[in-house]
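J.: Coordinates only, no sequence provided:
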C-alpha cells in the first residue's frame, strides 16, 4: 500500500470514528434527559439508542451527499473535457476530410486539364510518376529534381505567354526543335554568333553542339524537312577561309540549301534589325543575342536565347528571311576557294 493510500485509509477511519463518537455523545445526552424526566429505564435506553442511530445515519447521509456532489462535479469536469476533446477531434477530422476532398478535386481538375491538353497524356503521367519515385532520403537529389521541375514549369508558363528566355547559350531547345520539325527550317548564321575567335574554323559549327545540330538537321532532311541557311560573311573572307568552304560543303552534302550574303548586300531595311534567328515550321522563332566583344581574337559569347511563338514576331522574321534569301547568292563549292566564292 502506498503512502497516499495509507493516508486515505487513515482519514476514512478517523471520519467514521468521529461520526460514531458524535452519535454516542448525542445518545448519552438523550439518555441523561430521559432520566431527568423519570422515564422507565427501558424507554430511556431505547430512546437514546434510537436518537444516536438517527444522528449516525444523518451524518452518513450528509457525507454521502457531499461525496455525491464531488463525484458529480468530477464527472461533469470529465464530461466537459471529453466533449472538448471530442469536438477538437471532430474539427481535426473535418479539416482532414475537407483537405483530402480538396486534394482529390485538385487532382481531378489536373487530370481533366491533362485530357484536354494537346500534350501526350502518357508523358505527363510518366513525369508525375517519376517525380513521385524520387528518393526522399537524398536531400540534394530531391532539391535538384524540384529545381528542374520548377524551371520546366516556368518555361511552360513563358512558352504559353508566347516568349521563353534562357540566359546564356542554349543547347536542349535547339536540338529538340530540330529533331521535331515537320516541314521547314529557315536559318541565318551571323559571324557574331557562329564564328570563332579565329573565324569560322573554330566557331559554332566545329563545336560539339554544332555537330549534333547538323546531325539533327540531317535526320530532318531525311524525313522531308526543307532546310535553308543564309550565311552572312564578306566575300573576301569566304575566299580566304577554306574552313568556311568546308563547312558549306558539309551542309550542302546533307541537302541543306546554303546561300551567302555579304554584309554590304543586306537590304537597307534590315541592317538595323538584323538578328541571328531560326524559324522552325514557320511557327517557332529561335533567336540568339550575342554579347558585345571587346578586342580581337575573342570568342563570341551569348547573352541569352529566346523561343518566340508570338505570330506577329514569327511572321516578321519569316518576311526578313525571305528578303535575305532573295538577296543572297548560292554557294558553289568547287576545287578552289575562288571558284567556290564566285
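T.: Arrived safely, thanks for sending. Since the structure is predicted, the reported quantities are computational estimates derived from the model, not experimental observations.

J.: Could you check how far the residue most central in space within the chain is from residue 192?
T.: For the chain, the residue sitting closest to the mean C-alpha position, by CA atoms, centre = their mean, is residue 150 at 5.1 Å. From residue 150 over to residue 192 the distance is 33 Å, taken as CB to CB, to the nearest Å. Every C-beta, even on glycine, is put in place using the N, C-alpha and C of the backbone.

J.: For residue 72, grab the count of nearby residues.
T.: 10 (other CB atoms under 10 Å).

J.: now do residue 78
T.: Applying other CB under 10 Å, we find 10 residues neighbouring residue 78.

J.: do the same with the one 5 residues further on
T.: Residue 83 has 10 neighbouring residues, counting by other CB under 10 Å.

J.: per-residue confidence at it?
T.: Residue 83 is assigned a predicted lDDT (pLDDT) of 73.

J.: Against which helices or strands is the helix or strand where it lies packed?
T.: Using DSSP states H and E, residue 83 falls within helix 41-116. If you count contacts as 3 or more CB pairs under 8 Å, 6 or more residues apart in numbering; DSSP states H and E, helix 41-116 packs onto helix 3-36, helix 121-132.

J.: Return the angle between stretch directions for it and helix 121-132.
T.: Between the axes of helix 41-116 and helix 121-132, defined by axes from the mean of the first three to the mean of the last three CA atoms, to 10 degrees, the angle is 130 degrees.

J.: how far does helix 41-116 sit from the chain's center?
T.: 47 Å (CA atoms, centre = their mean, to the nearest Å).

J.: picking that back up, pick out the shakiest of the helices and strands packed on helix 41-116, pLDDT-wise.
T.: helix 3-36 (a mean of 67).

J.: Spell out which residues make up each domain of this structure.
T.: 3-84, 121-159, 168-341 (automatic domain parsing).

J.: how close does residue 310 get to residue 187?
T.: Counting by CB to CB, the gap from residue 310 to residue 187 is 19 Å.

J.: And those two? Which one has more around it.
T.: Shown here are residue 310 and residue 187; by other CB under 10 Å, residue 187 has more neighbours (21 against 12).

J.: Quick check: bridge partners of that one?
T.: Judged by DSSP bridges, the bridge partners of residue 187 are residue 229, residue 278.

J.: Run through the residues that contact it.
T.: Under the criterion of CB atoms under 8 Å, 6 or more residues apart in numbering, the contact list for residue 187 reads 227-230, 277-279.

J.: Max pairwise distance over those: which two?
T.: Across these, no pair lies farther apart than 227 and 277, at 14.3 Å, counting by CB to CB.

J.: Helix, strand, or coil at residue 332?
T.: Classification of residue 332 by DSSP: H, G, I helix; E, B strand; the rest coil places it in coil.

J.: Number of residues surrounding residue 70?
T.: 10.

J.: if I look at it, how far off is residue 64?
T.: Taking CB to CB, one finds residue 70 at 11 Å from residue 64.

J.: And residue 190, by the same measure?
T.: If you go by CB to CB, the gap between residue 190 and residue 64 works out to 105 Å.

J.: Can you add distance to residue 248, pLDDT and neighbour count and give the contacts of residue 187 back as JSON lines?
T.: What follows is these, written out as JSON lines (distance: CB to CB, whole Å; pLDDT from 0 to 100; neighbours: other CB atoms under 10 Å):
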{"residue": "227", "distance to residue 248": "13", "pLDDT": "97", "neighbour count": "21"}
{"residue": "228", "distance to residue 248": "13", "pLDDT": "97", "neighbour count": "19"}
{"residue": "229", "distance to residue 248": "9", "pLDDT": "96", "neighbour count": "22"}
{"residue": "230", "distance to residue 248": "12", "pLDDT": "95", "neighbour count": "24"}
{"residue": "277", "distance to residue 248": "20", "pLDDT": "95", "neighbour count": "22"}
{"residue": "278", "distance to residue 248": "17", "pLDDT": "96", "neighbour count": "23"}
{"residue": "279", "distance to residue 248": "20", "pLDDT": "97", "neighbour count": "25"}
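
J.: Out of these, the closest to residue 201 would be?
T.: Nearest member of the contacts of residue 187 to residue 201, counting by CB to CB, is residue 229, at 17.8 Å.

J.: which residues touch that closest one?
T.: Residue 229 sits next to 186-189, 251, 256-259 when contact means CB under 8 Å, 6+ apart.

J.: Residue 276: neighbouring residues, count only.
T.: 20.

J.: And for the one 5 residues further on?
T.: Residue 281 sits with 15 neighbouring residues when counted by other CB under 10 Å.

J.: Can you check the pLDDT for it?
T.: At residue 281, the pLDDT value in this model is 97.

J.: do the same with residue 49
T.: pLDDT, residue 49: 76.

J.: Ok, residue 260 next?
T.: On the pLDDT scale, residue 260 gets 91.

J.: Direction included, what does whatever helix or strand it lives in pair against?
T.: Using DSSP H and E, residue 260 maps to strand 257-261. Using DSSP bridges, the strands paired with strand 257-261 in its sheet are strand 226-232 (parallel), strand 329-330 (antiparallel).
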